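In: got a predicted model here, sequence first, then my questions.
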Amino acid sequence: MPKPKGFRSPGFAANRARLLAAVQTKLLAEGPGVSMGEMAKEAGVSLPTMRHYFGSRGGAVAAAMAGWGEAGAPFLLLSATRPDEAGLRSSVEGFLRFLWFGLTAAGVGRIHLVGLRESGRERGAASGYLDHILEPTLRAIEARLAAHQAAGEMRAADVRTAALALASPVVLAALHQTELGGAERRPLEPDAFFSELTEAFLRAYGTV
């Protein structure tokens, strides 16, 4: 008897999760040069099996981005939350340190690099990076800044623009120092960096 359309055998989700972990491992290790066949080899399955679960290489990359986005959701919730009793200065500097730690010590910078590089290869990958990594990050920052606006600590302004102004230097600096090897050629002093960015942000958007 033929299987109904859309039927998934028992264990489909578990198998897909295992294959997805292999895709993520291979992407982080080798980046945009890795083929779907190499992903399949990493997972210990055939290429048709990979296609069964992800459809195409772009589908596999998009699934990797979605998986990373899901894993990062609890940390984005922390980014979105204005700390109790914290003024704009301490909140901004605390967020910058939190973002820097994630990018440099927790491996999130590598995910951004893979997402950016993959986005130049396949449209599906670009959508996956935008939808599951970049936009959720920006929206979390926007929510945090909107709370400061509501508390009267930040002037009326477009929070999306403010979020980009706050996060972009940190993402670029983290990639410079880690993934691009800048720490060896021109090391950055993080504390001075955070302090300077905080002061610049307060001058631009603070109300005090």
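Out: Cool, got the structure.
In: residue ranges with poor pLDDT in the protein?
Out: Scanning the chain for pLDDT under 70 picks out the ranges 1-8, 10, 123-124.
In: try 50
Out: Low-confidence segments of the chain, defined by pLDDT under 50: 1-2.
In: from the centroid of this structure, which residue is nearest?
Out: residue 133 (3.8 Å; C-alpha atoms, centre = their mean).
In: hmm, that residue is touching residue 67, no?
Out: No: counting by C-beta atoms under 8 Å, residue 133 stays clear of residue 67, with 10.6 Å between them. (C-beta placed from N, C-alpha, C; glycine too.)
In: and this protein, what are its domains?
Out: The chain resolves into domains spanning 1-55, 58-205 when parsed by automatic domain parsing.
In: just say which of those domains is most tucked in.
Out: Highest mean neighbour count of the domains of the chain: domain 58-205, a mean of 17 (counted as mean count of other C-beta atoms under 10 Å).
In: just the helices in this structure please.
Out: Using DSSP state H, the helices of the chain run over 12-30, 36-43, 47-54, 57-80, 88-104, 108-119, 123-129, 135-150, 159-177, 182-185, 190-205.
In: list the helices and strands the fourth one packs on?
Out: For helix 57-80, the packing partners by 3 or more C-beta pairs under 8 Å, 6 or more residues apart in numbering; DSSP states H and E come out as helix 12-30, helix 36-43, helix 47-54, helix 88-104, helix 108-119, helix 123-129, helix 135-150.
In: to residue 62, which of those lies closest?
Out: Each of those has some distance to residue 62 by C-beta to C-beta; the shortest is helix 123-129, at 3.4 Å.
In: just checking, residue 16 touches residue 53?
Out: Yes: shown here, residue 16 and residue 53 form a contact pair, counting by C-beta under 8 Å, at 5.0 Å.
In: and residue 51, how far from residue 41?
Out: From residue 51 across to residue 41, the span is 14 Å (C-beta to C-beta, to the nearest Å).
In: wait, I meant residue 104
Out: Residue 104 sits 30 Å away from residue 41, taking C-beta to C-beta as the criterion.
In: do residue 201 as well
Out: 47 Å.
In: ditto for residue 161
Out: 45 Å.
In: ok, residue 142 next?
Out: Distance from residue 142 to residue 41, by C-beta to C-beta: 41 Å.
In: please apply the same query to residue 146.
Out: Computed with C-beta to C-beta, the distance linking residue 146 and residue 41 is 46 Å.
In: do the same with residue 187
Out: 38 Å.
In: right, and residue 96 touches residue 198 too?
Out: Yes: with contact defined as C-beta under 8 Å, residue 96 reaches residue 198; the gap is 6.7 Å.
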